[in-house]
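Compute the structure for the input listed below.
(one chain, ligands or ions: 6)
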Amino acid sequence: MPGAPLESFLDAVPEPLICAEAAYPPVIACDAEHVFCDGCLKQVRDGEGAAQGCPTCRQPLQEQRVSMVLKRVLDGLKFKCRYGGSGCEWAAAAGEEEAHAKGDCDFRLIRCEHCNGDRLAKDFPRHAHMCAEWPVDCSNKANGCVTSIKRGQVDAHTSVCPYNKCINYDQCNTSTTKELLLVHEAACTRLLTRLREAETARRNDSITRYRSSISSKAPEVAVGGGREGPLGCYPRRITGGSHSPTRDDSNLWGTLQLGMAGAKRGLAEDSPSPQKKRCKEEVVFLDD
Ligand SMILES: [Zn+2]
Ligand SMILES: [Zn+2]
Ligand SMILES: [Zn+2]
Ligand SMILES: [Zn+2]
Ligand SMILES: [Zn+2]
Ligand SMILES: [Zn+2]
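Ligands and ions are numbered 1, 2, ... in the order given. Alright, predicted model coming up:
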């Protein structure tokens, strides 16, 4: 260890503990316990001065060991964080600096293992939300996709991910790639619309019959003009909870309206409107 910069100490370093910088940690050089930093002593040993012994007293160099007593003196001196130049204002006992600098200094550098970029610790959480190499879950995880994708490749994955749900998933249970969904969804919606349209026609027909049977016994209930469509006669106004769209129906009712025209055409061809003869009615359905 090459010692510590003298200017990092905010308290005065005692003269015997200064070599080129501060001898921190202080390494004993000779029997007289002159101390230097590890870096200075290494230079002496490796250079031509090795034979001349301790730079202070010329006694033979000892096997190196740190003076724990003198280290404790330096540990207690006030010291600035090594990242002060980057903006850290931490200053406390020198003995606590290493734990601060390696553990909780906002200005230490953290390497992102995904993109290998270095970021200040204080900026790292933001990086974790932006790094294009960072692994993220597929947006279809809840649908069953367990693939982990790099953030930058989410769009590419999603288009080929086989777990994209059909817009009518509640009814058709289909999930597949975006490309196949384009084809499926159009056909799926057409089919559902026709099924729903047939169901609506069937329901209206039974309401009409119900109203007809009531009106013959209860003439005070309004029966007025209806309108004629491709399906034949269907009610203009229906009141009564049991025949309104329920919450569960709302999806299908939306779908129904979207594809109404095409489905009606199809249905009219399939079933040539047996209801047509019952057209001139407005049906008011009342809860019993
Ligand atoms: Zn030194
Ligand atoms: Zn000495
Ligand atoms: Zn710091
Ligand atoms: Zn990164
Ligand atoms: Zn996926
Ligand atoms: Zn579908």
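
okay, CA-based contacts and neighbour counts for the rest of this
OK.

my read is residue 212 is in a helix, agree?
Yes: assessed by DSSP: H, G, I helix; E, B strand; the rest coil, residue 212 belongs to a helix.

distance of it from residue 205?
From residue 212 over to residue 205 the distance is 11 Å, taken as CA to CA, to the nearest Å.

more crowded one of these two?
residue 205 (19 against 16; other CA atoms under 10 Å).

Dihedrals phi and psi, the more buried one?
phi -60, psi -40 (degrees, to the nearest 10).

Would you mind measuring from the closest residue to ligand 3 within the stretch 51-200 of the chain to residue 82?
Closest approach between the stretch 51-200 of the chain and ligand 3, counting by CA to the ion: residue 105, at 4.0 Å. Residue 105 is 10 Å from residue 82, where distance means CA to CA.

contacting residues around the residue of the stretch 51-200 of the chain closest to ligand 3?
The contact partners of residue 105, by CA atoms under 8 Å, 6 or more residues apart in numbering, come to 88, 121.

let's go with 10 Å and repeat that
Counting by CA atoms under 10 Å, 6 or more residues apart in numbering, residue 105 touches 81, 82, 83, 88, 89, 90, 97, 98, 99, 120, 121, 122.

So which of these wins on neighbours?
residue 81 (24 neighbours).

Contact partners for the nearest residue to that one once chain neighbours are set aside?
Once flanking residues are discounted, residue 81 sits nearest to residue 90: 5.5 Å by CA to CA, 6 or more residues apart in numbering. Listed by CA under 10 Å, 6+ apart, the contact set of residue 90 reads 79, 80, 81, 82, 83, 84, 97, 100, 101, 105, 106.

how about a cut-off of 8 Å?
80, 81, 84.

wait, doesn't residue 95 sit right on residue 75?
Yes: between residue 95 and residue 75 there is a contact under CA atoms under 8 Å: 4.1 Å.

Using the three-state scheme, assign the spatially most central residue of the chain.
Closest to where the C-alpha atoms of the chain average out (CA atoms, centre = their mean) is residue 136, at 6.7 Å. Classification of residue 136 using three-state DSSP returns strand.

what's the spacing between it and residue 192?
Between residue 136 and residue 192 the distance is 35 Å, computed by CA to CA.

residues from this protein in reach of ligand 5?
Residues of the chain lying close to ligand 5 by CA under 5 Å from the ion are 138, 145, 161.

Around the first one, how many other residues sit close by?
Pointing back at residue 138 there. So residue 138, with other CA under 10 Å, has 22 neighbours.

That one and residue 147 touch, don't they?
Yes: proximity of residue 138 to residue 147 meets the contact threshold set by CA under 8 Å, at 6.1 Å.

TSV for the contacts of residue 90, including pLDDT and distance to residue 116?
Listed next are those as TSV, based on pLDDT from 0 to 100; distance: CA to CA, whole Å:
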residue	pLDDT	distance to residue 116
80	97	29
81	97	25
84	95	24
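
Format the residues of the chain next to ligand 5 as a markdown table; extra columns: pLDDT and distance to ligand 3.
Output for the residues of the chain next to ligand 5, formatted as a markdown table (pLDDT from 0 to 100; distance: CA to the ion, whole Å):
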| residue | pLDDT | distance to ligand 3 |
| --- | --- | --- |
| 138 | 95 | 37 |
| 145 | 95 | 42 |
| 161 | 96 | 45 |
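
Between those residues, which sits nearest residue 43?
Proximity to residue 43 was ranked across these by CA to CA; first place goes to residue 138, at 56.6 Å.

ok, back up a step: any idea how far ligand 4 is from the residue nearest to residue 81?
To ligand 4, residue 90 is 27 Å away according to CA to the ion, to the nearest Å.

what does residue 16 give?
To ligand 4, residue 16 is 46 Å away according to CA to the ion.

do the same with residue 107
17 Å.

which residue does the stretch 151-288 of the chain bring closest to ligand 2?
For the stretch 151-288 of the chain, CA to the ion, closest residue to ligand 2: residue 151, 60.6 Å.

so which helix or strand takes in the closest residue to that residue other than its chain neighbours?
In this structure, residue 151 finds its nearest non-sequential neighbour in residue 132, 4.8 Å apart by CA to CA, 6+ apart. Taking DSSP states H and E as the definition, residue 132 sits outside all helices and strands.
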